[in-house]
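Chemist: what would the 3D arrangement of this be:
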Amino acid sequence: MNGMDDDSLFAANVSRPLADRMRPHSLDEIVGQDHLLGEGAPLRRMIDSGRLASFILWGPPGCGKTTLARIMATKTQLHFVALSAVFSGIADLRKAFDEAKKRRVYGEGTLLFIDEIHRFNRAQQDGFLPYVENGTVVLVGATTENPSFELNSALLSRCKVFILNALDAEALGRIVTRAETLLGRPLPVTPEARAGLIELADGDGRYLINLLESVYDLTPAGVTLDAASLLKLVQQRAPVYDKDREGHYNLISAVHKSLRGSDTDAALYWAARMLEGGEDPLYLLRRLTRFAMEDVSLADPQALPMALAAWDAYERLGSPEGDLAIAELVIYLGSAPKSNSAYAAWGKAREAAKAHGSLMPPPHILNAPTKLMEEAGYGKGYVYDHDTADGFSGQNYFPEKMDRRKFYDPPERGFEREIRKRLAYWERLRREKENHSGNQA
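Modeler: Down below sits the predicted model:
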């Protein structure tokens, strides 16, 4: 007898965790994934057809990936084998493939579920390919990380990727209701605490069920918890954030794009999320300094000094005092006028430098420290701008064999409005002087 069998004589005497008792047994019981499992949705059609192809389930923790794989195996009458990439190695995979080949001889298919598949290295991922291609197993891989970055292209080309959503408030509310029905009594919390519990779960159904179990087990009979009492009971959940993986890049992208969109409040939220998740504040300050140069730039010339001052203040004060310097910088950058004109101009100038990299400067702007260089025409005809009436000579400073180019085009925003006026003024003087020279000629 298998001592781990749920139907054994001993299992009935063991108090099963609430998460196990609440595990869905049909597709209709899975919440929050209607885009994949609703009537006519792509994954639902594949399952209903009974012909599963290998695929990857990509989604956050607690959204139902493992449960979905189990139900699929049952519904399609495939033998279900589950492995975790965290605890399994080559020997486990080889055993699973060998047993799948034996079952195939007798006409039984195998659904091989690999949790955290992204944790297998490239060579291990390559080991799946022949068994997937010849149909020995239907591979269902689950990952919380972006498959584009974490899975090799050969495996991805053979597996469709289905994206599961974090559970929204409605889906989490349905889980609470299901727990109340299963246990035969309402959750002993106020409506405000109930909403707080759902918010605390942060889209993770498994975590929510664990919270529910704690509330039911630890709340004395006849007591109803308010929001403050609930937080004391379940404590505060650590933010879901891994600064070495995709979440890191998603959140810094959210900070950057919120600032670029002048949504200061959203930028503060994402920056706070990063710091609460354990991000290095100096990394955030470095990226904010880059933003000051690239996206605010000369529209507000004080943005870069502000960024450097915030960086310096944080290094001097540390946390938590220095955190305010980060907040002030985020607010300043979010509310500043935006311009990427310097960034764009520099890119165009570098392209021109690559295309015309062998051209000499025009002779009139070359110094002539020797008699030979003077005789060769170096410096001949140069006009000292300060000696002119306008303080502007209008001479050409591009190579003689290169047409004049316009790289920098400041917008009518912030301080660059003034720069644009200056450039327009100098351009007008340049044309006037060119016309005057042409008339004299």
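Chemist: secondary structure element for the most centrally placed residue in the chain?
Modeler: The chain has Asn250 as the residue nearest its centroid, 1.6 Å off, counting by CA atoms, centre = their mean. For Asn250, the host element (DSSP states H and E) is helix 246-260.
Chemist: residues in contact with that helix?
Modeler: For helix 246-260, the surrounding residues in contact (CB atoms under 8 Å, 6 or more residues apart in numbering) are 145-146, 149, 240-242, 264, 266-267, 270-271, 273-274, 277, 279, 284, 287-288, 291, 295, 330, 333-334, 338. Quick note: C-beta positions are derived from backbone N, CA and C, even for glycine.
Chemist: neighbours around the closest residue in space to Asn340 that isn't next to it in sequence, how many?
Modeler: Among residues not flanking Asn340 along the chain, Asp295 sits closest, at 5.8 Å (CB to CB, 6 or more residues apart in numbering). Neighbour count of Asp295, defined by other CB atoms under 10 Å: 19.
Chemist: confirm Asp295 sits in a helix?
Modeler: Yes - residue state for Asp295 (DSSP: H, G, I helix; E, B strand; the rest coil) corresponds to a helix.
Chemist: now the helices: where do they sit in the stretch 51-200 of the chain?
Modeler: 65-75, 90-105, 122-126, 129-133, 147-150, 153-156, 169-183, 191-201 (DSSP state H, counting those that start in this stretch).
Chemist: just those: most buried one?
Modeler: Burial of the helices of the stretch 51-200 of the chain is given as mean neighbour count (mean count of other CB atoms under 10 Å); helix 65-75 ranks first at a mean of 20.
Chemist: what's that one packed up against?
Modeler: With contacts taken as 3 or more CB pairs under 8 Å, 6 or more residues apart in numbering; DSSP states H and E, helix 65-75 sits against strand 55-58, strand 79-84, strand 110-115, strand 138-143.
Chemist: those strands: which one's closest to Arg428?
Modeler: With CB to CB as the criterion, Arg428 lies closest to strand 55-58 of the helices and strands packed on helix 65-75, at 57.8 Å.
Chemist: tally of neighbours for the nearest residue to Gly196 once chain neighbours are set aside?
Modeler: Leaving aside its sequence neighbours, Gly196 sits nearest to Ala227 (CB to CB, 6+ apart; 4.8 Å). Neighbour count of Ala227, defined by other CB under 10 Å: 17.
Chemist: report the separation between Ala227 and Pro186.
Modeler: Separation of Ala227 from Pro186 (CB to CB, to the nearest Å): 17 Å.
Chemist: swap in Ala327?
Modeler: For Ala327, the distance to Pro186 (CB to CB) stands at 41 Å.
Chemist: tell me, how many residues neighbour Ser262?
Modeler: Neighbour count for Ser262, taken as other CB under 10 Å: 14.
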